[in-house]
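*Asks:* Sequence plus the predicted model coming up.
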Amino acid sequence: MTALPLQTRGRGARSNSSGRYESQAREAFDDGWTPDEPDPKAFRTEVQAEKARTVITHNDSPDVGFSASLNPYRGCEHGCIYCYARPAHAYMGLSPGLDFEQKLFFKPEAARVLEAELSKPKYVPETVHIGGNTDPYQPQERVLKVTRSLIEVLSRFNHPFSVISKSALVLRDLDLIAPMAQRNLARVAISITSLDRKLARSMEPRAATPEKRLDAVRRLTDAGVPVIVMFAPVIPGLNDHEMEAVLERAAEAGAVGAGYVALRLPLEIKDLFREWLQTDHPDRAARVMSLVRQMRGGRDYDPQWGSRMTGQGPLADLMGKRFAAAKKRYGLHQRWEPLDLTQFRVPPKPGDQIDLFGV
């Protein structure tokens, strides 16, 4: 018997194997008769509220560009097959595969908890990054508006933030983001992995099309919001040839900076990614994995700090040189201005004594 890849319309993963912490493992197999998995149409998104005692998450990783982040959601309906957040779903007793895309968690009290954290007398402001885990503007945000509620709090506190997304839904919140950007309190990063609509849909089935993302860059820029474009992940043998074209289009749309991350395949992602390659790109599967291993010391993934974001070896070095040259060519190499921490203020509450000196 062979493992059964599920052809689920609008989803990225091709399987839903049990999480690594489960005492029993369950996996679909094709026995030549009737598959034991439900019809793909039966896969529906489920959303569950999660109680959060804190919402600001801190990390001390030397190769992540932020130390504080806000994550309104667990799981992501965009279904990006390469998403590095997938393995975290195993902590919930769920699969990093299809469960990650269809069993989501959100924090309905996130704004209230954030306000309480920012109001603490000993709180020291630092730029917070919204979306360090999963996309804060995934489809459910249209209704739940958790991300918007967080930005509303940050706006009232004059608290600097950055946000990353591959959704044009970020434009909905321009009324909040643009005024803060004009005071050097906000910037936006848009992830664009391909200009090929077919490839983008394969990699990121429920994310915005490449043209909609470029339009978001343009409209954010027109509103005075500094935009950074992330070409991430770079997948050798699949989308790496588009690096220069993506940066050129991003610069034309008004982006002021760019970044990249080499494909990362930790834990369950390596198996999910290989399954996806075999079903969506069988003609390139062997070559892609060979190139990936060339950048990871002969393995599918090397978690070593300092190189896990870029890889190692001649292929990784060439990738870095190409990216640096393209950034300079298209004017995306300027140093990003730090966001302003000095404007942070805890807003007065009803009944608070008025400060006569305005301090």
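*Replies:* Structure received.
*Asks:* I'd like the secondary structure assignment at residue 62, please.
*Replies:* coil (DSSP: H, G, I helix; E, B strand; the rest coil).
*Asks:* Hmm, residue 305 and it touching each other?
*Replies:* Yes: counting by C-beta atoms under 8 Å, residue 62 does reach residue 305; the two are 5.6 Å apart. To be clear about C-beta, it is placed using only N, CA and C from the backbone, and glycine gets the same treatment.
*Asks:* ok, these two, which is more surrounded?
*Replies:* residue 305 (10 against 7; other C-beta atoms under 10 Å).
*Asks:* so the more buried one sits right up against residue 64, yeah?
*Replies:* No: here residue 305 lies out of contact with residue 64, judged by C-beta under 8 Å, at a distance of 9.6 Å.
*Asks:* Just list the residues touching the closest residue to residue 341 other than its chain neighbours, thanks.
*Replies:* Of all residues beyond its chain neighbours, the one nearest residue 341 is residue 125 (5.1 Å), with distances taken as C-beta to C-beta, 6 or more residues apart in numbering. By C-beta atoms under 8 Å, 6 or more residues apart in numbering, residue 125 lies in contact with 118, 159, 160, 341, 344.
*Asks:* Any of the residues you listed buried? List them.
*Replies:* 118, 159, 160, 344 (16 or more other C-beta atoms under 10 Å).
*Asks:* hang on, the earlier thing: show me which of the contacts of residue 125 is closest to residue 334.
*Replies:* Distance to residue 334 across these (C-beta to C-beta) is lowest for residue 160, with 19.0 Å.
*Asks:* Just the pLDDT for that closest one.
*Replies:* Model confidence at residue 160, given as pLDDT, is 98.
*Asks:* Which strand or helix spans the spatially closest residue to it that is not a sequence neighbour?
*Replies:* Nearest-residue entry for residue 160: residue 339, 3.6 Å, with adjacent residues in sequence omitted and distances by C-beta to C-beta, 6+ apart. Assessed by DSSP states H and E, residue 339 sits outside every helix and strand.
*Asks:* Contacts only, for residue 339.
*Replies:* Going by C-beta under 8 Å, 6+ apart, residue 339 touches 127, 160, 161, 162, 184, 185, 186, 187.
*Asks:* switch the cut-off to 7 Å
*Replies:* 127, 160, 184, 185, 187 (C-beta atoms under 7 Å, 6 or more residues apart in numbering).
*Asks:* go on, residue 330?
*Replies:* Contacts for residue 330 (C-beta under 7 Å, 6+ apart) come out as 247, 248, 251.
*Asks:* tally of neighbours for the second one?
*Replies:* Burial measure for residue 248: 15 neighbouring residues, criterion other C-beta under 10 Å.
*Asks:* ok, back up a step: and the pLDDT at the residue nearest to residue 160?
*Replies:* 97.
*Asks:* which residues in the protein form strands?
*Replies:* Ranges of strands within the chain are 2-3, 29-30, 46-49, 56-58, 68-70, 73-74, 103-106, 128-130, 161-165, 186-191, 227-234, 257-262, based on DSSP state E.
*Asks:* Which one of these lies nearest to residue 288?
*Replies:* strand 227-234 (11.6 Å).
*Asks:* coming back round to it: can you add distance to residue 203 and give the buried ones among the contacts of residue 125 back as JSON lines?
*Replies:* Shown next, in JSON lines, are these (distance: C-beta to C-beta, whole Å):
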{"residue": "118", "distance to residue 203": "36"}
{"residue": "159", "distance to residue 203": "33"}
{"residue": "160", "distance to residue 203": "31"}
{"residue": "344", "distance to residue 203": "38"}
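*Asks:* Distance check, residue 312 against residue 98.
*Replies:* Distance, residue 312 to residue 98, using C-beta to C-beta, to the nearest Å: 32 Å.
*Asks:* who's more crowded, these two?
*Replies:* residue 98 (23 against 17).
*Asks:* pLDDT value on the more buried one, please?
*Replies:* Note for residue 98: predicted pLDDT of 94.
*Asks:* Is it correct that it is in contact with residue 14?
*Replies:* No: contact between residue 98 and residue 14 fails when scored by C-beta atoms under 7 Å: they sit 8.4 Å apart.
*Asks:* burial count for residue 241?
*Replies:* For residue 241, using other C-beta under 10 Å, the count is 10.
*Asks:* Can you tell me how far it is from residue 292?
*Replies:* Residue 241 is 15 Å from residue 292, by C-beta to C-beta.
*Asks:* Kindly report the same for residue 126.
*Replies:* Applying C-beta to C-beta to residue 126 and residue 292 gives a distance of 34 Å.
*Asks:* next one: residue 183
*Replies:* According to C-beta to C-beta, residue 183 and residue 292 sit 43 Å apart.
*Asks:* Which one of those two is surrounded by more residues?
*Replies:* residue 292 (25 against 12).
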